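[1] make a model of this:
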Amino acid sequence: MQIPIETALGERLGKAFEAQGLPATLGATARSTRPDLAPYQCNGAMAAAKQAGKPPREIAQAVADAVSGDPLIESVEIAGPGFINLTPSAKALEDRANALAEDDRAGARIVDEARTVVIDFGGPNVAKPMHVGHLRSSIIGDSLQRLFRFRGDQVIGDVHLGDWGLQMGQIITELAREKPDLPYFDKDFEGPYPDESPVTIEELETIYPRASQACKANEARMDEARMATQALQEGRPGYIALWRHFLEVSKAALKRDFAALDVHFDLWKGESDVQDRIRPMVADLVERDIATEDKGAIVIPVAREDDKKELPPFILLKSDGAALYTTTDLATILDRSETLNPDLILYVVDKRQSLHFEQVFRAAAKSGFAEDISFEHLAYGTMNGPDGKPFKTRAGGVLKLADLLDRAHRRAVARMEEAGIASDMEKAEYEAVADKVALAAIKFADLSHDRATDYIFDLDRFMTFEGKTGPYLLYAAVRVKSLMRKAEDAGVEPGEIRIKEKAEADLLYALDAFDRASATAYEKRAPNFLCDHAYTLAQAFSGFYSACPIVTAEDAETRASRLALAQLTLTQLNLVLGLIGLEAPDRM
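    Residues are numbered from 1 along each chain as shown. This next block holds a predicted model:
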C-alpha cells in the first residue's frame, strides 16, 4: 500500500457511499476522536441523511456491510447516531509500515503539478540592524520555502530589501553634515570614488535613527532629505557611489544575521533593482488609460462596486513625481513576470499591510502584465511581550535580532546545566548544541502558533525540555539517535516491521499522518500543522519506547522490527524538523 491508511479507508468507504447513489466524498475518513473505540472514523452518514431521506444509522450500516470483509479492514462498527468506526487489519498496518520504511520521504507525497513559486519575505531596510520585528517573516517564510520545495515546487526565495526610499536621502544628508569633505558631496568631483565605504554598519546604525529623528523634528531637514533622495534616484554619481557602499556593508551584516537563523535566500534583490522599469511602466499604464491623473498624482483606481469598505486609489507617482514603495512593488511584479515567469507569488508580511497588498494585487490585475500569476498575502500576527504589546526591550526600545539570539543562547546554556544535559561535552560542541536548542526554542514557538494570530513571547516557557517545545523535539530526536547507536553496538539491525503491540500500532498511526500534515501545511500555508505533527510523533515514540523494549526484546525478529520502527521515526522526525528549520544534534 503506497498511500496512507486513512486515504485508503476513505476510498473504500467512498465507493460504498457511491453504491447508494451518494457522493464518494462522504467516505472521507479521519483519525478518531475516540481512539479508545477505533483508530479511524467516518461521519459521512450523518451528512448524507437528508439527501438520502434515510436515517443515518441505516446509511452507515449499508456502508459497513459493503466494506465488511475487505482485507484492509479488521473491523467496522456503527456508533451513536451513525458514526462509522474503523480498525485496519494487522496486515494493512504492516504493509504500510514497511512501505514507509522504504520511502526516503517517509510517506509524504509530492504535488501532482509542480509550480514556480516566488516567496517574498525578509524585507529588512538597508542601513538598519535586523530586530525582532523581522523574526516572524524570516522564520515563517523560510519554513514555507522549505515546505514548498519538499512538496515538489520550484521555489525562489527573495529577500526584497528596502534599499531605495527616503531613508537613503536621510542618511546621505546626515553624513554630509558630519563629513562634508567626503568627495561624494562634491558635484565637480569626477572620480573615481573610494573603494572602501566611509562608514561601517555600526556607524550606519547610529546615523540612520539620528537622521530620521532630525527630519521628523524639522521640516526643512525633511525637504533636504527628499531632495537628496530624488537626486539619488535621478543618478547623481556621488550619491550612487555612497548608496552602493551603504548597500554593501548592510548586506554583509544582514547575511550574518540571516545565517544565524539558518535562513537563506535565492535572490538578494531590492527596490532599487526595478527603478529602470518604473517610468516606462507608468507611461504604458497612462497610455492604456489604466492609470489616470488625480490632483497631480498618477493613480490606478482599484475600488469595485461590491467593496464593503472604501479602497483608496493605488498611487503610482505622487504629485511631485516621486515613486512610492507601492510603485516599486508593482514594478517588481512586472519584473518577476518577465524574468521568473512564476505561477504564484507569496508575500510573507505582517497583517497590518493587508490594505497595501489588496491595492497592489488589484493594480497588477488591471495592468494586464500578470494575468497568469496568482498572488497571496500571507499575513501574520505580532510577536508580543508579556504586556500584550509588540515585543520591546526593558527600556522600551526595539530589540536587535543578534541580542535576542544571544539572550536565547545564554538561556539555553542555563537550561542545559539545570537538566544536566551535554555535561560531558567539550566547549565547542557544547556551545553548538546550545545554539541549536536556542534556535529550536525561538522557531518552534513562532511556527507552532497559527500564522495569523499574535502570541506572547516567553523565552523561559519556550526553552523547557518538556511539553510542546522545540528543545523537547530535539531531545526526542537525540534519544532515537542514541538508541540507534546502542542497537548497533549490540549487533541489532533493522528488519521487516511486524505490528503486534498497541504502542507499535499507535506509533504507526502517527507516522502515517505525515502525508496529511505536510499537505495541509502546504495548502493552508501554515507551518503549525508540521509542528503539531512533530509533537504528536515524538509523544507516540515516547509511548512506544516505554512499552516496547528494543535491544532487550526477547527474540531477534521483534528486535529487528522495533528497531526498524525507531529508524523510520528518526527519518520522519528529521524531515519534519528540517521543514521548520531545525536540526537535532547527534547527542545531548
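[2] which regions of the protein sit below the pLDDT cut-off?
    The chain contains residues with pLDDT under 70 at 1, 393-396.
[3] domain map for it?
    5-88, 166-260, 270-380, 401-579 (automatic domain parsing).
[4] hey, where'd the strands end up in the stretch 301-450 of the chain?
    Using DSSP state E, counting those that start in this stretch, the strands of the stretch 301-450 of the chain run over 314-317, 344-347, 374-377, 383-384.
[5] save those strands as TSV, and put in distance to P180 and mean neighbour count too.
    From N, CA and C alone the C-beta is placed, and that goes for glycine too. Below are these laid out as TSV (distance: least, Cβ to Cβ, whole Å; neighbours: other Cβ atoms under 10 Å):
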stretch	distance to P180	mean neighbour count
strand 314-317	32	23
strand 344-347	41	22
strand 374-377	44	16
strand 383-384	41	18
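[6] okay, helices next: where are they in the stretch 151-300 of the chain?
    166-178, 201-217, 219-233, 237-260, 275-287 (DSSP state H, counting those that start in this stretch).
[7] most packed of these?
    helix 166-178 (a mean of 22; mean count of other Cβ atoms under 10 Å).
[8] who are the packing partners of it?
    Counting contacts by 3 or more Cβ pairs under 8 Å, 6 or more residues apart in numbering; DSSP states H and E, helix 166-178 packs against helix 201-217, helix 219-233, helix 237-260.
[9] hmm, who's touching that helix?
    Identification of contacts with helix 166-178 by Cβ atoms under 8 Å, 6 or more residues apart in numbering yields 125-128, 182, 185, 198-199, 204, 207-208, 210-212, 214-215, 221, 224-232, 239, 242-243, 246.
[10] now do stretch 207-214
    By Cβ under 8 Å, 6+ apart, stretch 207-214 touches A127, K128, Q167, Q170, I171, T173, E174, L175, E178, V199, R221, A225.
[11] which of the residues you listed sits closest to L86?
    K128 (56.4 Å; Cβ to Cβ).
[12] quick check: the residue of the chain most remote from its centre vs H449, distance?
    Most distant residue from the mean C-alpha position of the chain: D188, 49.7 Å away (Cα atoms, centre = their mean). Distance of D188 to H449, given as Cβ to Cβ, to the nearest Å: 57 Å.
[13] now swap in A379 and tell me
    13 Å.
[14] between these two, which has more neighbouring residues?
    With neighbours defined as other Cβ atoms under 10 Å, A379 and H449 compare such that H449 has more, 20 against 16.
[15] sorry, back to before: out of the helices and strands packed on helix 166-178, flag the one nearest L9.
    Per Cβ to Cβ, nearest to L9 of those: helix 237-260, 43.7 Å.
[16] report the inter-axis angle for that closest one versus helix 219-233.
    With axes from the mean of the first three to the mean of the last three Cα atoms, to 10 degrees defining the directions, helix 237-260 sits at 90 degrees from helix 219-233.
[17] neighbouring contacts of helix 237-260?
    Outside helix 237-260, the residues that reach it (Cβ under 8 Å, 6+ apart) are 122, 124, 126-130, 138, 159, 161, 163, 168, 171-172, 175, 183-187, 189, 191, 193, 197-201, 204, 228, 231-232, 264-265, 268, 270, 272, 401-402, 405.
[18] ok, how many other residues are close to the residue nearest to G133 when sequence neighbours are not counted?
    Nearest non-adjacent residue to G133, counting by Cβ to Cβ, 6 or more residues apart in numbering: V398, 6.6 Å away. Look at V398: counted by other Cβ under 10 Å, it has 14 neighbours.
[19] next: E196.
    8.
[20] make 18 the starting number, not 1.
    Will do, 18 is the new start, and the previous item becomes E213.
[21] gap between it and L192?
    15 Å.
[22] next up, the contacts around H550.
    A527, A530, F531, A534, S535, V593.
[23] ok, which pair from those is furthest apart?
    Among the contacts of H550, A527 and S535 lie farthest apart (Cβ to Cβ), at 13.7 Å.
[24] so the two - more neighbours on which side?
    Taking neighbours as other Cβ under 10 Å, A527 and S535 compare with S535 leading, 25 against 22.
[25] remind me which helix or strand the more buried one belongs to.
    Under the criterion of DSSP states H and E, S535 resides in helix 531-541.
[26] how far off centre is that helix?
    13 Å (Cα atoms, centre = their mean, to the nearest Å).
[27] contacts for that helix, please.
    Counting by Cβ under 8 Å, 6+ apart, 20-21, 23-24, 123-126, 128, 164-165, 167-168, 543-547, 549-550, 554, 589, 592-593, 596 sit against helix 531-541.
[28] pull out the buried residues from it.
    Neighbour counts using 16 or more other Cβ atoms under 10 Å place F531, D532, R533, A534, S535, A536, T537, A538, Y539 of helix 531-541 among the buried residues.
[29] isn't P359 right next to I350, touching?
    No - in this structure, P359 is not within contact of I350 by Cβ atoms under 8 Å, at 9.5 Å.
[30] identify the contacts common to the two.
    If you check P359 and I350 against Cβ under 8 Å, 6+ apart, the residues they both contact are I390.
[31] where do the strands sit along the stretch 468-605 of the chain?
    Using DSSP E, counting those that start in this stretch, the strands of the stretch 468-605 of the chain run over residues 472-473.
[32] as a check, name the ranges of all helices in it.
    So, for the stretch 468-605 of the chain - with DSSP H, counting those that start in this stretch - the helices run 476-479, 487-506, 519-529, 531-541, 545-564, 573-596.
[33] S354 is nearest to which of the ones you listed?
    helix 531-541 (23.6 Å).
[34] only the C-alpha atoms, please, for the closest one, written as CSV.
    What follows is helix 531-541, C-alpha atoms only, in CSV (Å, rounded to 0.1, in the frame of the first residue of the first chain):
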residue,chain,number,x,y,z
PHE,A,531,2.8,12.8,7.9
ASP,A,532,1.4,13.0,4.4
ARG,A,533,-1.8,14.7,5.6
ALA,A,534,0.2,17.1,7.9
SER,A,535,2.5,18.2,5.1
ALA,A,536,-0.3,18.5,2.6
THR,A,537,-2.4,20.6,5.0
ALA,A,538,0.5,22.8,5.9
TYR,A,539,1.2,23.3,2.2
GLU,A,540,-2.4,24.0,1.3
LYS,A,541,-3.1,26.4,4.2
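[35] picking that back up, kindly supply the ChimeraX command isolating those of the contacts of helix 254-277 that are buried.
    Buried subset of the contacts of helix 254-277, written as a ChimeraX selection, criterion 16+ other Cβ under 10 Å:
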select :139,141,143,144,145,146,147,155,176,178,180,185,188,189,192,200,201,202,210,214,215,216,218,221,245,248,249,282,285,287,289,418,422
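[36] circling back to that earlier point, farthest pair in the buried residues of helix 531-541?
    Counting by Cβ to Cβ, the most remote pair of the buried residues of helix 531-541 is F531 and Y539, 12.2 Å apart.
[37] how close does T42 get to N60?
    From T42 to N60 the distance is 12 Å (Cβ to Cβ).
[38] correction: the previous question concerned G255.
    For G255, the distance to N60 - Cβ to Cβ - is 71 Å.
[39] same deal with P226?
    Taken as Cβ to Cβ, the span from P226 to N60 is 58 Å.
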